[in-house]
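Q: Okay, predicted coordinates and the sequence, questions at the end:
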2 protein chains.
Amino acid sequence: MSTYVPEAVIRRLPSYYRHLRDLEQEGVQQISSQELGERMGMTPSQIRQDINSFGGAGRQGYGYQVSTLKEHLRGIMGLDREHRMAIIGAGRIGKAVANYTGFPREGFRTVALFDAEPTGSELVTDGATIPIYPAEELEARLPELGASIGVLALPAGGAQDTADRLYRSGIRAIWNFTPADLRCPEDMAVMNVRLSESLHLLSYMMNQMEK
Amino acid sequence: MSTYVPEAVIRRLPSYYRHLRDLEQEGVQQISSQELGERMGMTPSQIRQDINSFGGAGRQGYGYQVSTLKEHLRGIMGLDREHRMAIIGAGRIGKAVANYTGFPREGFRTVALFDAEPTGSELVTDGATIPIYPAEELEARLPELGASIGVLALPAGGAQDTADRLYRSGIRAIWNFTPADLRCPEDMAVMNVRLSESLHLLSYMMNQMEK
DNA sequence: TAGATTGTTAATCGATTAACAATC
DNA sequence: TAGATTGTTAATCGATTAACAATC
């Protein structure tokens, strides 16, 4: 089937998934590339090219079945199983992320927080109570926690070192909220969330509009 | 000078800025496209193309002056003046953002939080004490606050309506933390922060690595 | 069957890389 | 001047759009 999915299409996968989920929620069972394109702000042509690249199954004269396509994407993105997350840094950002993923939702669940200087022993979120451990217990605790994703929510200075420790403990995915550019082995997946870059880009847009 | 800056270059502007700031911090005064490229993971050729598109001033046989280039970018992105932000939604995310931008840092400063059901009257951050107002006072309070950026950190359901209200109150920039696709007039700058899409993309990467 | 809409090939557009003359 | 490195043009690559035959 899908031998190669272009980089540009990969970046759009989550957007496809979100829109299809919304459509399903609204009770839409089938949709044409025309309609989906209008909704997502893309040309029908691009929709068809994209879907074909990751092996979707449309029907000529009819369109795409929403639920089938959604489930297909779910499989491609590995959202059909649970991912446990360990958050390193129990400050504002770490806690916000914990709350965001505190209850099993879309298959992501925070199972522990770590902090250099914990101010409490647990965090109570809407859906669960999450333990907070001292950062030095990282290696000791990770095996029993079964976490597959490490979330970096600590000061940038400690990010690289923590990433290295996570790798040595078997973690192969990092959700990085620090501005640090991590150097990691090939088999570590790193997703950066660069909040201040996002704000700077907004500032640029504002600046341009004034002209 | 710079008549047209390609979309792809615009998206890289904040990254250039961050690296140049780091270099300046390290005491590096001058750098070649070769060295900067290695640092940013780009080809020297692309670095030169990019910098020329936004009107940088290199010197043949020498390279680029770090401080000059950084200040130039600062101007382009409008980081040389203060932007005041009003955050709508005083939950975990709103508070995390408030703390992140609570003190004047890089020219962004949160001046107020609004919440449908405020649980307190102010938020104490590291650098400042920020008032929390009821959401219905949005129109009344905004003029005196002098905010130019609205931050959406509330449940997705209220996002579009709040965006409309912000527009009518003169706000022309939105930093959107909700998953909602906002429909806004042309002269409103919108920057989306899609946390769950980012997590889904990480999940996709993990899934691919297993193969 | 007729109409609609996909799947796919070809054309266009934009972004990246390569090459090299200009020049500090 | 000689060496280094930019600025810029040309070549390549990848992504998007257009067009249309295939087919439900």
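A: Cool, got the structure.

Q: Can you pull the residues of chain A lying near DNA strand D?
A: A:6-9, A:42-43, A:45-46, A:48-49, A:59-62 (Cβ under 7 Å from any atom of the strand). Bear in mind the C-beta positions are built from the backbone N, C-alpha and C, glycine included.

Q: Apply 6 Å and report the result again.
A: Residues of chain A lying close to DNA strand D (Cβ under 6 Å from any atom of the strand) are A:6-8, A:42-43, A:45-46, A:49, A:59-61.

Q: Among these, which ones lie close to DNA strand C?
A: Counting by Cβ under 6 Å from any atom of the strand, A:45, A:49, A:59-61 from the residues of chain A next to DNA strand D sit close to DNA strand C.

Q: helix/strand/coil for whichever residue of chain A sits closest to DNA strand D?
A: Closest to DNA strand D within chain A is residue A:61: 2.5 Å, counting by Cβ to the nearest atom of the strand. Following DSSP: H, G, I helix; E, B strand; the rest coil, residue A:61 is assigned to coil.

Q: the domain parsing of chain A - what is it?
A: Split into domains by automatic domain parsing, chain A comes to A:7-76, A:88-197.

Q: Any chance of JSON lines for these, columns mean neighbour count, mean pLDDT and distance to chain B?
A: JSON lines is the format used below for the domains of chain A (neighbours: other Cβ atoms under 10 Å in any protein chain shown; pLDDT from 0 to 100; distance: least, Cβ to the nearest Cβ, whole Å):
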{"stretch": "domain A:7-76", "mean neighbour count": "16", "mean pLDDT": "96", "distance to chain B": "4"}
{"stretch": "domain A:88-197", "mean neighbour count": "18", "mean pLDDT": "94", "distance to chain B": "4"}
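
Q: returning to what we had before: inside strands: which ones of the residues of chain A next to DNA strand D?
A: residue A:59 (DSSP state E).

Q: Pick the one among the residues of chain A next to DNA strand D closest to residue A:111.
A: residue A:7 (31.7 Å; Cβ to Cβ).

Q: and chain A, which residues reach DNA strand C?
A: So chain A meets DNA strand C at A:32-34, A:44-45, A:48-49, A:51-52, A:56-64 (Cβ under 6 Å from any atom of the strand).

Q: how about 10 Å then?
A: Neighbours of DNA strand C within chain A, by Cβ under 10 Å from any atom of the strand: A:8, A:30-37, A:44-53, A:55-64, A:69.

Q: So what touches the longest strand that chain A contains?
A: The strand that spans the most residues within chain A, counting by DSSP E, is strand A:108-115. For strand A:108-115, contacts defined as Cβ atoms under 8 Å, 6 or more residues apart in numbering or on different chains pick out A:82-91, A:94-95, A:97-98, A:101-103, A:123, A:128, A:130-135, A:137-138, A:141, A:145-147, A:149, A:151, A:154, B:199, B:203.
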